[in-house]
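A.B. asks: Below is the structure, and that's it, no one-letter string:
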């Protein structure tokens, strides 16, 4: 029973008929009340189930100093409203998990300042066509939903706070329509807002869904919603999810601090974003899946990814449109995958992208109009057969490569500009096609248009300027299928389309890269002095960029190898291999068969033992013997070869291989490409791509893989073709204390220092005491020791007023660093 009392003011048609009465229970007061009466509950606990069917006003105490009026029955629904009542300032406490705490049915009451603190099926349930107005209510329900609207109901909720619900904070099940204004949902165990079922809809203004243990907003089953000036932040799942023909419009809103997808659409759902910010997401900022699914974003900002996934993902036949949007500070900006998938990007900016700004694969299509692509890895990458689209009027600035076309992809690129790329403005390989019309490449540190593998790319009225390695560079073309150029221009002395051939009598079998877009098939790149001169130009033209300076004789390079400290076994192995190659070359010149010698090597052993130096000298020797065209060294590791997404690894590996063409590709710590717990690791893709490239271009590049002995055995077993591609393994051993001393003595001589009396002996003792674990630096340790001695010597001599030449030169045992 009640521990308080209820005062009822009975009102009549005239003032003199009004009277006041006091009742012991709310039920008695309601039984005596008529429409228009006012019931005021005194502070206390009312353990009864209230059912209000009249048009009355029921309110709790005006002041909180004596506590609230608590409606707390042991079971059932604490408060049921079926009339046009006004209910204010009550605390509702339910204990029945099979019933709601507040039930509104078939009426339009006004509820305000209710404190619903319960363990019920729902905090407030609206059903049966009811249309309440609910203001400034707080709902905390650990067992079920905070607010539930269903069965044709609706209503307006203003300035309400829903927290710590055991299920969705607000659940709307169709047919039903709810309007929310300035409401907050916090720490719900389901979605912050869940709208499901045909005919269900929500209009929300200035609402916040935060710290939700699930998605912030979830729509499914043909539900619709309009959210304006709303925030979805700090969810444990996706920020917003749409499924099953759901439709959502999100305007002037914010989705932030989401560990999964910020916005995830599937199964023919439709999302419209207007002036909305999406930031700090762990997977995709916008993820669009399945045929018929569509996302339209206008004047939106998607930025600052916290994960390693594309900001916008479109796949399985879905469509996305970005108009006047900005995507920035992300690993990749836009990935479009699968046949039927399409992305249209208009007047938008893609900036500060670590990987690809746009990636199109598996038959998808992308169209970019008047877009700005700034400071990215790859501007636009069309990856494989059937992938294509249109780039029109776009500017690519400071990309590693502006546009990549590979594997029979066939985009149209018109009126685009690529400025200041690192490697190439346009790169086409592996059967890629594409047509480029009125495109301009300027300030490239590499190539302008770089087309290899005889790709059937068409260039019309294109222009290049200030491209360091050539404006138009083609390779692997044949007489009957030359590259297609029409009215292209360049600031180079050799006009685009010039017939640039090598005059060398015995061209290298390596596929050559010839600048100035040759109409004849490319041969070996010759020194500038031997190239045929085009009328009106200089001999060789831009080909001089790729032609190396005359190399050192083999004996001079071998002498440098012999001068290296230690490495007796390594020197013997390298010399034996060089002898085999040299004798094979001479046998060929004599018309005899030469033994096949695979020049690829495996270097095993601890770090700091000279593996990179030996690889560099090996490349020089092969170039001096005419086996390699240039002999230069390109050093890479896992980070240079392995991409973050499917397909990106193959192209990175191919690009590294291309940079090493004519020289040595040195892969340090190659075992990192085959980790023990590989799982879905993309390192294996790099290995598979490398094996194929080594077979397809066996004479163009020498590959050396290096790493610890045991780990390299795992690497060689990663692919059946790996071990067969490498002729031999050369083992590098730790330097002995005497060899480390020799390295220090050599460095001292080069830097014009001398070792004082007792210093060589002290160094031997020092190196003998050093702990030699797997990370022992060997030559690096010797160099660091010398540098530390020079630093300590400087600190000692700086305090002398007039040091002598000897004092400025001599290093003593006291200059040695602490062995620790």
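C.D. replies: All right, it came through fine. Every value quoted in this text rests on a predicted model; they were computed, and no experiment measured them.

A.B. asks: Tell me the buried residues in the worst-scoring helix or strand of the chain on mean pLDDT?
C.D. replies: Using mean pLDDT, DSSP states H and E, the weakest-scoring helix or strand in the chain turns out to be helix 722-725, at a mean of 75. Neighbour counts over helix 722-725 (16 or more other C-beta atoms under 10 Å) mark 722, 725 as buried. In this view, the C-beta of every residue, glycine as well, is placed from N, C-alpha and C.

A.B. asks: Helix or strand next in line after it, which one?
C.D. replies: Downstream of helix 722-725, the next assigned helix or strand under DSSP states H and E is strand 728-731.

A.B. asks: can you list contacts of that following strand?
C.D. replies: If you take C-beta atoms under 8 Å, 6 or more residues apart in numbering as the criterion, strand 728-731 is touched by 569-570, 573-574, 577, 601-605, 614, 709, 712.

A.B. asks: Could I have the buried ones of the residues you listed as PyMOL selection syntax?
C.D. replies: A single PyMOL command is used to select the members of these judged buried by 16+ other C-beta under 10 Å:
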select buried, resi 570+573+574+577+601+602+603+604+605+614+712
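
A.B. asks: In helices only, show me the contacts of strand 728-731.
C.D. replies: 569, 570, 573, 574, 577, 614, 709, 712 (DSSP state H).

A.B. asks: and which of these is nearest residue 129?
C.D. replies: For the ones in helices among the contacts of strand 728-731, the closest approach to residue 129 (C-beta to C-beta) belongs to residue 712, at 74.3 Å.

A.B. asks: sorry, back to before: so which two of the contacts of strand 728-731 are the farthest from each other?
C.D. replies: Pairwise over those, using C-beta to C-beta, the maximum falls at 577 and 709, 19.5 Å.

A.B. asks: List of residues touching the helix or strand containing residue 705?
C.D. replies: Residue 705 belongs to strand 702-707 when assigned by DSSP H and E. By C-beta under 8 Å, 6+ apart, the surrounding residues in contact with strand 702-707 are 599-604, 611-612, 615, 618-619, 622, 628, 660, 663-672, 690, 694, 712, 715, 725-726.

A.B. asks: Now do the nearest residue to residue 627 once chain neighbours are set aside against residue 209, distance only.
C.D. replies: Nearest residue to residue 627 in three dimensions, chain neighbours excluded: residue 581, at 6.1 Å (C-beta to C-beta, 6 or more residues apart in numbering). Distance of residue 581 to residue 209, given as C-beta to C-beta, to the nearest Å: 69 Å.

A.B. asks: out of everything not next to it in sequence, what's closest to residue 198?
C.D. replies: residue 222 is the one closest to residue 198 (C-beta to C-beta, 6+ apart), at 4.1 Å.

A.B. asks: Contact partners for that neighbour?
C.D. replies: 174, 197, 198, 199, 200, 244, 245, 246, 247.

A.B. asks: of those, closest to residue 273?
C.D. replies: Distances from residue 273 to the contacts of residue 222, taken by C-beta to C-beta, are shortest for residue 247, at 12.7 Å.

A.B. asks: And for the closest one, the neighbour number?
C.D. replies: Neighbours of residue 247 under the rule other C-beta atoms under 10 Å: 18.

A.B. asks: who touches it in this structure?
C.D. replies: Listed by C-beta under 8 Å, 6+ apart, the contact set of residue 247 reads 219, 222, 223, 224, 225, 269, 270, 271.

A.B. asks: contacting residues for the first one?
C.D. replies: Counting by C-beta under 8 Å, 6+ apart, residue 219 makes contact with 194, 195, 196, 225, 241, 242, 243, 246, 247, 248, 269.

A.B. asks: between those residues, which has the most around it?
C.D. replies: residue 195 (31 neighbours).

A.B. asks: quick check, nearest of the contacts of strand 728-731 to residue 44?
C.D. replies: Distances from residue 44 to the contacts of strand 728-731, taken by C-beta to C-beta, are shortest for residue 712, at 80.5 Å.

A.B. asks: Quickly note the distance from the closest residue in space to the closest one that isn't next to it in sequence to residue 675.
C.D. replies: Closest residue to residue 712 apart from its sequence neighbours, by C-beta to C-beta, 6+ apart: residue 604 at 5.0 Å. The spacing between residue 604 and residue 675, counted by C-beta to C-beta, is 18 Å.

A.B. asks: Pull up the pairing partners for the strand or helix carrying residue 345, direction included.
C.D. replies: Element membership for residue 345 (DSSP H and E) is strand 342-346. Its sheet considered, strand 342-346 pairs with strand 319-323 (parallel), strand 365-369 (parallel) by DSSP bridges.

A.B. asks: quick one: buried residues of it?
C.D. replies: Neighbour count says strand 342-346 has 342, 343, 344, 345, 346 buried, by 16+ other C-beta under 10 Å.

A.B. asks: Can I get the residues you listed in CSV including pLDDT?
C.D. replies: Output for the buried residues of strand 342-346, formatted as CSV (pLDDT from 0 to 100):
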residue, pLDDT
342, 96
343, 97
344, 97
345, 97
346, 96
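
A.B. asks: so which of those residues comes closest to residue 258?
C.D. replies: Set against residue 258, the nearest of the buried residues of strand 342-346 by C-beta to C-beta is residue 343 (21.5 Å).
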